[in-house]
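J.: Sequence isn't available, so here's the structure alone:
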């Protein structure tokens, strides 16, 4: 029995993991179905768009700008070892648009929006506001989850596009201001090197990452335990799950778009 104990532990862990995947999948499919069926709560949807989009723009813009600027410095420094400094515009563009832009925006949304959604919904559960909605014949999934999920699916791709542009501009500002690049030549190399697939993949990733971030916040908020500890665990768990799933989804989507 002692020798078989580790296998029992692994089996229980695997079953627990599969059950969690099933619960999240069912929750996500139910939430998506509610985004397509009336009634629609325009006020909640508008507030969610403001929270996910406009209020996230400063942190997204600053993160993208400094990342693009640092990327340009690193590429120039590394390229100098092989007399390849001229590739800075191309690598900054492809690095920001394909990978860093979507991933950084997704992680910033997970840090800011996922935690906010989880804490808000978990607090509503603790204070029995969700029970009150049910008593008033208002579906909590329809009123709380669907507007936030739909807003994230629509707004985060726009944030990713803005972040891509700001990140490329950060590299442009450093390259032309400190590294001696010609502004016109830098912009031409950037535009000529990017392909439509690069931009499409970036926006698709933004949609997927936004959905993951909102879904994790809503799921952990709705499933939170009672009391302040329950709210804290829900908030922490939602950010951890969203960050890991965003990175995993990025790997899968990159393979789907760019695998040879």
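T.: Cool, got the structure. Note that the structure is predicted; figures quoted are calculated from it, not measured.
J.: what's the least confident helix or strand in this protein, going by average pLDDT?
T.: helix 5-36 (a mean of 84; mean pLDDT, DSSP states H and E).
J.: how about that one: buried residues?
T.: 24, 27-28, 31-32, 34-35 (16 or more other Cβ atoms under 10 Å). Every C-beta, even on glycine, is put in place using the N, C-alpha and C of the backbone.
J.: From residue 226, how far off is the closest residue to residue 113 other than its chain neighbours?
T.: Leaving out its chain neighbours, the residue that sits closest to residue 113 by Cβ to Cβ, 6 or more residues apart in numbering is residue 52, at 5.3 Å. Distance, residue 52 to residue 226, by Cβ to Cβ, to the nearest Å: 28 Å.
J.: and the helix or strand hosting residue 101, what's its mean pLDDT?
T.: Applying DSSP states H and E as the criterion places residue 101 in helix 101-109. Mean per-residue pLDDT for helix 101-109: 94.
J.: And for it, what's in contact with it?
T.: Identification of contacts with helix 101-109 by Cβ atoms under 8 Å, 6 or more residues apart in numbering yields 52, 56, 59-60, 63-64, 67, 152, 156, 159-160, 163-164, 167, 202, 205-206, 209-210, 212-213, 243, 246-247, 250.
J.: What's the first helix or strand after that helix?
T.: Trace forward from helix 101-109 with DSSP H and E and the next one is helix 115-126.
J.: tell me how far the very next helix or strand once past that next one is from the chain's mean position?
T.: Once helix 115-126 ends, the next helix or strand along the chain (criterion: DSSP H and E) is helix 129-135. Computed by Cα atoms, centre = their mean, to the nearest Å, the chain-centroid distance of helix 129-135 equals 29 Å.
J.: sec struct for residue 180, please.
T.: Classification of residue 180 by DSSP: H, G, I helix; E, B strand; the rest coil places it in coil.
J.: For it, give me the backbone phi and psi.
T.: Residue 180 adopts backbone torsions of phi 80, psi 20, taken as degrees, to the nearest 10.
J.: repeat for residue 194
T.: Backbone torsions for residue 194, taken as degrees, to the nearest 10, come to phi -70, psi 140.
J.: Just give me the neighbour total for it.
T.: Using other Cβ atoms under 10 Å, residue 194 is surrounded by 19 other residues.
J.: element containing the residue nearest to it when sequence neighbours are not counted?
T.: Nearest non-adjacent residue to residue 194, counting by Cβ to Cβ, 6+ apart: residue 93, 5.4 Å away. Take DSSP H and E as the rule and residue 93 turns out to sit in helix 88-94.
J.: Show me what that helix is packed up against.
T.: Helix 88-94 sits against helix 57-79, helix 146-177, helix 183-193, with contacts defined as 3 or more Cβ pairs under 8 Å, 6 or more residues apart in numbering; DSSP states H and E.
J.: Tell me which of the ones you listed sits most buried.
T.: helix 146-177 (a mean of 23; mean count of other Cβ atoms under 10 Å).
J.: Next, the angle helix 146-177 makes with the least confident helix or strand of the chain.
T.: Per axes from the mean of the first three to the mean of the last three Cα atoms, to 10 degrees, the angle that helix 5-36 makes with helix 146-177 is 100 degrees.
J.: and helix 5-36, what does it pack onto?
T.: helix 146-177, helix 196-222.
J.: how many neighbours does residue 232 have?
T.: 15.
J.: which of the residues in the helix or strand hosting it are buried?
T.: Taking DSSP H and E as the criterion, residue 232 maps to helix 227-258. Across helix 227-258, burial judged by 16+ other Cβ under 10 Å covers 230-231, 233-235, 237-239, 241-243, 245-246, 249-250, 253-254.
J.: now the angle between helix 196-222 and that helix, please.
T.: Using the same axes, to 10 degrees: helix 227-258 against helix 196-222 is 160 degrees.
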